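Undergrad: next comes the sequence, and after it the predicted model I'd like to discuss.
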Amino acid sequence: MNHFDYIDGVLHAESVPLPRIADEVGTPVYVYSAATLRRHYTVFVDAFRKAGVEPNVCFAVKANSNLAVIALLGSLGAGADVVSEGELRRALAAGIPPERIVFSGVGKTEGELRFALETGIHEINVESESEIRLLSKVADELGRDAEIAIRVNPDVDAKTHEKISTGRKENKFGIDIDKAEDIYALAASLPRITPVSVALHIGSQLTDLEPYRLAFRRMADLVERLRANGHPIRRVDLGGGLGIPYDAETPPLPDAYAQMAVEEVKHLNCEVMLEPGRMIVGNAGILLSRALVVKQGDAKRFLILDSAMNDLIRPALYNGHHGLRPVVEPAADAPYAPVDVVGPICESGDTFAKDRSLPPIEEGDLVAFSSAGAYGAVMASTYNSRLLVPEVLVDGDHYAVIRARQTYEEMLGLDSIPSWIGTEHGTDAERIEATG
Ligand SMILES: Cc1ncc(COP(=O)(O)O)c(C=O)c1O
Ligand SMILES: N[C@@H](CCCC[NH3+])C(=O)O
């Protein structure tokens, strides 16, 4: 069942026609389906329950950090996986209890560690020797004990895009698994620190179970060795990364993933933590845009939209594929032709799709990019001084604007012009010479 589908020839989000949102909120706009979010979360948790484990699911807030999305998942029981003080504050503001929050990330500041300890979150996942020492110092100053996980790097090739692979030796993440025993010994020797968990996350958009299996097996072996060394390991954090179908991919279903994971770690009798992001939100969102210009060049036909790489950067950054559907359903016999789908930004990288086979789309028509709920709005910027893209959440036959459209006044209000601008001596030519 797809919650973004044609009803009477018009694309809907659940029961809300997308032209209504375009008229009332404007475009571009992200539109999420509450029903899809609920279904994905439930399917994921149930997969682990069926496999015999009650999981502790911490939604990876980086995939979609809108407060309403976090709050909706929180209302279903989700915790949060955060990677910055900003994300931690978002999770708290959305009502996630501190004891359901885990703080990951390869470089945390002293201030962030202090805030996390003061807040009393469930777990800090530490990724380097320096971070362990810093955390011990801060915990000591605050007089608080810190139960930690150490994120290990199992040196496994996740077979995903190189920019989102995180579990190989040459990636910056985690502590090499063969150094882990020494680092756990060091951690246990420091004031206020008790390592109770092992964490890993080998990459994002994984479409194959084997890299996971290998990584979980290496992790389970490590847990046994750590316990033999006297460490009270009672949790494992298996990270996130399960892929979704954007195009022709066939990622494993949650049931198969859960079964495999449980097979690899059940014998440890540990609490099992998971950090899914994309799998929960990716296909729960679309980016709704309007066609501004249709231009027939010498070599190509261009469809220029009112959304751009600043709103959805995945195609420009990772050659990411997002399906594109006209909001008015094309006739069954509509002729399809190749078109380059682009945005108005002044660089050729502002391309959503090359030679995409599409039915006729006219200037003023609405179109929707699919699978845009994860790493879409969160990666948006205001490049070219475009306004930050708004977001909408649909639930059944109603919707709410969950991030308002920014105004130009708000955008301009962020900058300030120092009074000394324009008061320097010398001509422009001299200044250019002086600065090379
Ligand atoms: C530590 C950590 N956990 C969880 C995730 C969520 O990944 P995904 O959205 O691929 O499930 C990420 C991002 O890849 C991550 O870096
Ligand atoms: N931003 C990436 C995923 C990054 C995963 C972060 N750990 C994407 O759009 O696919």
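TA: Done, it's in. Residues are numbered from 1 along each chain as shown. Ligands and ions are numbered 1, 2, ... in the order given.
Undergrad: what about the residue in the stretch 1-150 of the chain positioned nearest to ligand 1, how many neighbours?
TA: With distances taken as Cβ to the nearest ligand atom, the stretch 1-150 of the chain approaches ligand 1 most closely at residue 60, which sits 3.4 Å away. C-beta: built from backbone N, CA, C; applies to glycine. Using other Cβ atoms under 10 Å, the number of residues around residue 60 comes to 28.
Undergrad: which residue, other than its chain neighbours, is closest to it?
TA: In space, and not counting its chain neighbours, residue 60 is closest to residue 277: 3.1 Å by Cβ to Cβ, 6 or more residues apart in numbering.
Undergrad: go ahead and confirm the one you found touches residue 242.
TA: No - using Cβ atoms under 8 Å, residue 277 is not in contact with residue 242; the gap is 9.1 Å.
Undergrad: what about the residue nearest to residue 60, neighbour count?
TA: So residue 277, with other Cβ under 10 Å, has 23 neighbours.
Undergrad: now do the contacts for it.
TA: 59, 60, 61, 62, 63, 64, 81, 204, 240, 374 (Cβ atoms under 8 Å, 6 or more residues apart in numbering).
Undergrad: ligand 2 versus that one, what's the distance?
TA: 7 Å (Cβ to the nearest ligand atom, to the nearest Å).
Undergrad: min pLDDT across the contacts of residue 277, which one?
TA: For the contacts of residue 277, the weakest pLDDT value sits at residue 204, with 95.
Undergrad: quick one: that residue from residue 376, how far?
TA: Per Cβ to Cβ, to the nearest Å, residue 204 is found 14 Å from residue 376.
Undergrad: residues in contact with residue 401?
TA: 25, 390, 391, 392.
Undergrad: JSON lines for those residues, including secondary structure, distance to ligand 1 and neighbour count?
TA: Below are these laid out as JSON lines (DSSP: H, G, I helix; E, B strand; the rest coil; distance: Cβ to the nearest ligand atom, whole Å; neighbours: other Cβ atoms under 10 Å):
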{"residue": "25", "secondary structure": "helix", "distance to ligand 1": "26", "neighbour count": "18"}
{"residue": "390", "secondary structure": "coil", "distance to ligand 1": "22", "neighbour count": "20"}
{"residue": "391", "secondary structure": "strand", "distance to ligand 1": "18", "neighbour count": "26"}
{"residue": "392", "secondary structure": "strand", "distance to ligand 1": "22", "neighbour count": "22"}
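Undergrad: who touches the top helix by length along the chain?
TA: For the chain, the helix with the greatest residue count under DSSP state H is helix 209-228. Under the criterion Cβ under 8 Å, 6+ apart, residues 152, 154, 156-159, 167, 177, 180-181, 184, 195, 198, 200, 202-203, 206, 233, 236, 238, 241, 252, 256-257, 260-261, 264-265, 267-268, 270 lie in contact with helix 209-228.
Undergrad: so of these, which ones are in helices?
TA: Within these, membership in helices is found for 180, 181, 184, 256, 257, 260, 261, 264, 265, as judged by DSSP H.
Undergrad: wait, the fifth one sits on residue 240?
TA: No - at 10.7 Å, residue 257 and residue 240 do not qualify as touching, with contact defined as Cβ under 8 Å.
Undergrad: residue 203: neighbouring residues, count only.
TA: 27.
Undergrad: also residue 153?
TA: Residue 153 is surrounded by 25 other residues when neighbours are defined as other Cβ under 10 Å.
Undergrad: that one contacts residue 165, doesn't it?
TA: No - counting by Cβ under 8 Å, residue 165 is not a contact partner of residue 153; they are 11.2 Å apart.
Undergrad: pick out the residue of the stretch 201-350 of the chain closest to ligand 2.
TA: residue 204 (3.8 Å).
Undergrad: chain neighbours aside, what residue packs nearest to that residue?
TA: Here the nearest residue to residue 204 in space, its sequence neighbours aside, is residue 164; by Cβ to Cβ, 6+ apart that works out to 4.2 Å.
Undergrad: and the helices in the stretch 51-200 of the chain?
TA: In the stretch 51-200 of the chain, the segments counted as helices under DSSP state H, counting those that start in this stretch are 67-75, 85-93, 110-119, 129-142, 180-189.
Undergrad: nearest to residue 300, out of those?
TA: Of all these, it is helix 67-75 that lies closest to residue 300, at 36.8 Å by Cβ to Cβ.
Undergrad: sweet, I'm off.
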